[in-house]
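Enquirer: A structural model of the following input is requested.
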Amino acid sequence: MLRIHFTSGDLTRIQVASTPDPLWEIVFSLQRLQTSQGRWAYADWHHSTRATLAGTRLGAAVRRLLTPMLPRAPYLPDFLTPHESAHGLEPGLAAILDTPPARVAHEMDLLARRSGAPDWAPRIVERDSREELVRVLRAYHEAVVAPHHDRMCESLAGERGLAARATLDTGVGGLLAGLSPSMRWRPPVLHVDYVEDRDLHLEGRGLRLVPSHFCWKLPMSLADGALRPVLVYPVHGARPPEPARPDLALCALLGRTRATALRTLALGATTSELARSLGVTPATATHHTTILRDAGLITSRRVQNTVLHVLTPLGAAMLRGPAPAPCAETSGRR
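Expert: The predicted model follows:
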């Protein structure tokens, strides 16, 4: 159990990541490759990634460097997931290179004692060795993680919509209480199901919440409580389905009622709220949200006994852009 202790100041310094954190996604994607747990939820990705890495220099480098450094274990070196990666892959990789050698040596020693480390691990303190590590991390991200960036952004946009609505409706306490089934808010402590028993005292530093596409079930934080606090956790619910064929889905979308529905969902709405706004039955509203979701314009998440619909980045872009001409065969069809 991880117990995160908040002060009143910490409650005003909670942030939810606005973009996927590339280094955390690398960490969790490597863990997905090292276990069969949750593989069903990532079956297509797992199959394509295995094919991408099999028999390649990158695949050999991943097995030689990344898997031993980032095993599926209770402890992972903190310097491999620096705060700077919140601003993108390159700032994060630069921070790995600039990590003081003494800190690298300390964390690699912890890895060796707590999870096991390869014989070459002590050489990571040398900048040349870390430059090689950074090159492999960059290549792995480009080949395995980056192709799924749009879907990760879609999931994260939906998560932020849920977080914003929870905060507006029920305050920060409601936000913390609804983050994940693996977390329980008992003021002033957030109890998190975790790989070990520990306490994290925020002491006015706030908390950065990072919804993760590849994180499965249990959240993760940094091992060193003196570093800037972060909590990485799985996005709500199941992963989004594969998008429907865009040509057919978008033609089904074009029509006055669904365009109004899309605009209504700009700030998020439940099925019942959308039905009242459109003046239709809940069943008809569900029909419209299904088409919008299949087109990749909204994402839907179950919250207790309701389903909340929020725009994806593509849906928001549709509202900002010029209105497309309706398809003749679907215009006005309900």
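
Enquirer: in the stretch 1-150 of the chain, which spans are strands?
Expert: In the stretch 1-150 of the chain, the segments counted as strands under DSSP state E, counting those that start in this stretch are 2-5, 14-16.

Enquirer: confidence-wise, which helix or strand of the protein is lowest on average?
Expert: Least confident helix or strand of the chain, by mean pLDDT, DSSP states H and E, is helix 246-253 with a mean of 51.

Enquirer: I'd like the next helix or strand past it.
Expert: Heading C-terminal from helix 246-253, the first helix or strand you meet, by DSSP states H and E, is helix 256-264.

Enquirer: put the alpha carbons of that following helix into PDB.
Expert: Provided in PDB are the C-alpha atoms of helix 256-264 (Å, rounded to 0.1, in the frame of the first residue of the first chain):
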ATOM      1  CA  ARG A 256     -27.600  18.400 -38.200                       C
ATOM      2  CA  THR A 257     -28.500  16.400 -35.200                       C
ATOM      3  CA  ARG A 258     -25.100  14.700 -34.800                       C
ATOM      4  CA  ALA A 259     -23.300  18.000 -35.400                       C
ATOM      5  CA  THR A 260     -25.400  19.500 -32.600                       C
ATOM      6  CA  ALA A 261     -24.500  16.500 -30.400                       C
ATOM      7  CA  LEU A 262     -20.800  17.000 -31.100                       C
ATOM      8  CA  ARG A 263     -21.100  20.700 -30.100                       C
ATOM      9  CA  THR A 264     -23.000  19.800 -27.000                       C
END
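
Enquirer: what comes up buried for it?
Expert: Burial within helix 256-264, assessed by neighbour count using 16 or more other C-beta atoms under 10 Å, is assigned to 257, 258, 259, 261, 262, 264. To be clear about C-beta, it is placed using only N, CA and C from the backbone, and glycine gets the same treatment.

Enquirer: determine the set of other helices and strands touching that helix.
Expert: In terms of contacts (3 or more C-beta pairs under 8 Å, 6 or more residues apart in numbering; DSSP states H and E), helix 256-264 is packed against helix 271-278, helix 282-294, helix 313-320.

Enquirer: mind putting these in a markdown table, mean pLDDT included?
Expert: Below are the helices and strands packed on helix 256-264 laid out as a markdown table (pLDDT from 0 to 100):
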| stretch | mean pLDDT |
| --- | --- |
| helix 271-278 | 86 |
| helix 282-294 | 90 |
| helix 313-320 | 76 |
